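> no sequence for this one, just the structure:
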């Protein structure tokens, strides 16, 4: 049994024709006893809409950049909870008003508000590139120093910058490791592909490949592909490059 994990936006979703070929190859891949995980920065509700709209076959969904892992029935298999005391410390970030949106990461949605006592997996500030100020970045670094138990990640999607705050150790590698442990899958049989810096850990930690031209991913990817179905074909033919 092999496990393939693909990012969604910019990796699996690169156009209707490519997505059609991706789905066709993955249906055969899964039918042959393998597993496919669709991994995304999107929430569960957002990602399942894409799955339904494009008839994407999958075994598991990893959402919110590694915060959650869901099976095909929508059962949550993994949850990395964040302490709420960070919320009072991010008021300074909120006060700058540079963000276009604040997203509180809950189990199946990103919400603009958070009710005290409800589950919280992280906070994300979405800021348009031209609105980022030095003062905002300094405050972000200040909160980072005050909370060494948290993971602070910044990545961009086109001109949108995501300033993420999550529990330490949470990345897109987290749900893969959870599956590896649960199903006893050897690391040499785990393959990953992505296109952006939030895919860095999962590409570094496993047999990882890239799509696109991310400078970060070039440092750790074994090979560059154009489409997910090309990876599936190489795995099938035993041509996919592996880590030593």
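Yes, it's here. In this text the structure is predicted, and so the values were computed from the model without any measurement.
> what helices or strands is the single longest helix found in the chain leaning on?
Residue-count comparison of every helix in the chain, with assignments taken from DSSP state H, identifies helix 16-31 as the longest. For helix 16-31, the helices and strands in contact under the criterion 3 or more Cβ pairs under 8 Å, 6 or more residues apart in numbering; DSSP states H and E are strand 35-39, helix 228-236. Where C-beta positions appear, they are placed from N, C-alpha and C, glycine not excepted.
> which residues are contacting that helix?
Taking contacts as Cβ atoms under 8 Å, 6 or more residues apart in numbering, the residues outside helix 16-31 that touch it are 4, 12-13, 36, 54-59, 227-229, 232-233, 235-236.
> remind me which residues of the protein are low pLDDT?
Applying pLDDT under 70 to the chain picks out no residues at all.
> any idea which residue sits dead centre in it?
residue 65 (3.1 Å; Cα atoms, centre = their mean).
> distance of residue 243 from residue 234?
As defined by Cβ to Cβ, to the nearest Å, residue 243 lies at a distance of 15 Å from residue 234.
> returning to that earlier point: in the longest helix of the chain, what's buried?
The neighbour-count criterion (16 or more other Cβ atoms under 10 Å) identifies 18-19, 21-23, 25-26, 29 as the buried residues of helix 16-31.
> got JSON lines for the residues you listed, with distance to residue 219 too?
Conversion of the buried residues of helix 16-31 to JSON lines gives the following (distance: Cβ to Cβ, whole Å):
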{"residue": "18", "distance to residue 219": "25"}
{"residue": "19", "distance to residue 219": "28"}
{"residue": "21", "distance to residue 219": "29"}
{"residue": "22", "distance to residue 219": "26"}
{"residue": "23", "distance to residue 219": "31"}
{"residue": "25", "distance to residue 219": "28"}
{"residue": "26", "distance to residue 219": "27"}
{"residue": "29", "distance to residue 219": "28"}
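> Out of the residues you listed, flag the one nearest to residue 97.
Comparing these against residue 97 with Cβ to Cβ picks out residue 19 as the nearest, at 38.0 Å.
> which residues touch the residue nearest to the centre of the chain?
40-41, 153, 164, 166, 170-172, 198.
> between these, which is closest to residue 122?
residue 166 (3.8 Å).
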